[in-house]
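Asks: Need the 3D shape of this:
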Amino acid sequence: MFGETSDLQAEKRGNFVVVGCVDGPKVRIMVFKCSQ
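Replies: Residues are numbered from 1 along each chain as shown. The predicted structure is shown next:
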């Protein structure tokens, strides 16, 4: 799923969890909404 060299950062903001992944020259941003 992610490479071992990827830099993964997660931050919780209210009911959302923002996950940022640095994959080489690309930066992937994923937002997850907490059901609770």
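Asks: For residue 10, which non-adjacent residue is closest in space?
Replies: residue 19 (4.9 Å; C-beta to C-beta, 6 or more residues apart in numbering). (Each C-beta comes from the backbone N, C-alpha and C, glycine too.)
Asks: what does the helix or strand hosting the one you found contact?
Replies: Per DSSP states H and E: residue 19 is located in strand 16-23. Residues outside strand 16-23 that contact it (C-beta atoms under 8 Å, 6 or more residues apart in numbering): 2-3, 6-12, 27-34.
Asks: For that strand, buried residues please.
Replies: For strand 16-23, the neighbour count (16 or more other C-beta atoms under 10 Å) marks residue 21 as buried.
Asks: pLDDT score assigned to residue 16?
Replies: Per-residue pLDDT puts residue 16 at 93.
Asks: how much space between it and residue 23?
Replies: 21 Å (C-beta to C-beta, to the nearest Å).
Asks: Next: residue 31.
Replies: Counting by C-beta to C-beta, the gap from residue 31 to residue 23 is 17 Å.
Asks: my read: residue 34 touches residue 15, true?
Replies: Yes: under the contact definition of C-beta atoms under 8 Å, residue 34 touches residue 15, with a separation of 5.0 Å.
Asks: mind listing the strands for the protein?
Replies: Here the chain has its strands, by DSSP state E, at 7-13, 16-23, 26-33.
Asks: which one of those strands has the lowest average pLDDT?
Replies: strand 7-13 (a mean of 85).
Asks: Quick one: list the elements packing against that strand.
Replies: Helices and strands touching strand 7-13, by 3 or more C-beta pairs under 8 Å, 6 or more residues apart in numbering; DSSP states H and E, are strand 16-23.
Asks: change it to 10 Å
Replies: strand 16-23, strand 26-33 (3 or more C-beta pairs under 10 Å, 6 or more residues apart in numbering; DSSP states H and E).
Asks: So which residues make contact with it?
Replies: 2, 17-23, 27-28, 30-32, 34 (C-beta atoms under 10 Å, 6 or more residues apart in numbering).
Asks: That strand: which residues count as buried?
Replies: Within strand 7-13, no residue counts as buried by 16+ other C-beta under 10 Å.
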